[in-house]
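Q: return a 3D structure for these sequence lines:
(one chain, ligands or ions: 1)
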Amino acid sequence: MADEQRDDAQDDTGTREAAAHDRPGGVLPGLPSPPPSGESALPPGTYDGTVVLVTGGGTGLGKAVAAEFARLGADLVIASRKEDRLQAARDELASLGGRVTATVCDIRDAGRVAEVFDAAQEAYGLPGILVNNAAANFPVPAEDMSPNAWRAVVDITLTGTFLMTREFGRRHLAAGTPGSVIDVGASYAWTGGPGFAHSAAAKAGVKSLVETLAVEWGPYGIQVNGLVPGLMPHDDMSADIRGNLDRGGRADDKAARQPALRVGLPRELGWAATFLASPYARFITGHTLVVDGANWQRRAVVSPPVTTVREQLGRGEFTP
Ligand code: NAP
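A: Residues are numbered from 1 along each chain as shown. As a prediction, this is how the structure comes out:
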């Protein structure tokens, strides 16, 4: 399904689910739907002549972020491991305007990361904006997590983000040019993430990197910000993550479980990213912006009974 069609479908779903959620006092509206796909708060051409490198830009939220930069004139480089998905996304994104290059890269490989920057630089020039969106994740109780699973998620999400950012910073410092880094995070960087110990620890590391590098590189003109999506379902979600969202009969009532009474739309993350990297956000750095309809700040007046992660994931008793 094309991006715009999918966004509209999710828009409809969010609104219908909210409206269907009757309460004793009547139907609550929830937060309004955003403008339609294709609109932007920024002037056309804001990113003309700017190269934007998006990791994981071939799928899901990374592709949605890349699309908003493309609509505003950016030349895109999208990078991830799977060539087929990258090529399909390349064609889709190219239809929005600017030039798009898709390049295979495992962000855990520092040598390959450098080659991707070389290729980008040769094709369009040094990327002025880096969006570290690639990450890995799946739910698992900590006691069942293998050392390899831990290492894989932390290596991709934290070390990969660092390697990309380091390469970007070194090249801009050498050239004496300004730049902007956006690291896509997750709200359990602040709260911890039961069932996601590996990813939550890695995202906490990413948030720390944002705060550290914003100070280290501010004097050189490089902004570093974080951007946290809330629940933004999309067709590319892995079976593990989709299964987790649908667990316990949640498939039909995702919207009703958000304070916004709707889920987020991928383009809402894209709009936030294009703002954070824009000239209108030049004094914002070291900040992590959460785009989640306040879901992560929810607290119940009376706490619900505790269920263990094993129970929530439908796992039996722990056997060592
Ligand atoms: P997704 O569809 O699973 O996308 C992950 C992307 O990362 C894929 O394009 C994947 O491409 C790429 N990737 C994974 N490992 C890589 C590696 N070693 N090297 C290079 N690329 C790699 O995830 P998403 O839902 O769009 O999420 C995007 C970001 O938002 C992530 O940082 C995620 O943690 C965050 N987030 C999402 C949600 C949500 O509701 N969707 C909520 C909170 C946070 P290849 O397989 O081709 O490598």
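
Q: residues from this structure in reach of the ligand?
A: Taking Cβ under 6 Å from any ligand atom as the contact definition, the chain meets the ligand at 55-56, 58-62, 80-82, 85, 105-108, 133-137, 156, 160, 184, 186, 229, 231-232, 236-238. Bear in mind the C-beta positions are built from the backbone N, C-alpha and C, glycine included.

Q: and with 5 Å instead?
A: Residues of the chain lying close to the ligand by Cβ under 5 Å from any ligand atom are 56, 59-61, 80-82, 106-107, 133-135, 156, 184, 186, 229, 232, 236.

Q: mind checking which of the residues you listed are buried?
A: Buried subset of the residues of the chain next to the ligand (neighbour count, 16 or more other Cβ atoms under 10 Å): 56, 59-61, 80-81, 107, 133-135, 156, 184, 186, 229, 232, 236.

Q: inside strands: which ones of the residues you listed?
A: 80, 184, 229 (DSSP state E).

Q: name the nearest residue to residue 312, ignoring sequence neighbours.
A: Spatial nearest neighbour of residue 312, excluding adjacent residues (Cβ to Cβ, 6 or more residues apart in numbering): residue 195 at 6.6 Å.

Q: actually residue 176, sorry about that
A: Leaving aside its sequence neighbours, residue 176 sits nearest to residue 220 (Cβ to Cβ, 6+ apart; 7.9 Å).

Q: roughly how far apart are the one you found and residue 49?
A: 21 Å (Cβ to Cβ, to the nearest Å).

Q: what's the answer for residue 289, then?
A: Distance, residue 289 to residue 49, using Cβ to Cβ: 25 Å.

Q: between these two, tell me which one has more neighbours.
A: The residue with more neighbours, out of residue 289 and residue 49, is residue 289; 17 against 12, by other Cβ atoms under 10 Å.

Q: residue contacts, that one?
A: 225-228, 272, 276 (Cβ atoms under 8 Å, 6 or more residues apart in numbering).

Q: closest to residue 200 out of these?
A: Among the contacts of residue 289, residue 228 lies closest to residue 200 (Cβ to Cβ), at 12.3 Å.

Q: count of neighbours near that closest one?
A: Counted with other Cβ under 10 Å, the neighbours of residue 228 add up to 23.

Q: list the contacts for it?
A: 184-187, 189, 288-292, 296.

Q: which members of the residues you listed occur in helices, if any?
A: Among the contacts of residue 228, the members found in helices (DSSP state H) are residue 189.

Q: most neighbours of all the contacts of residue 228, which one?
A: Within those, neighbour counts (other Cβ under 10 Å) peak at residue 185, which reaches 28 neighbours.
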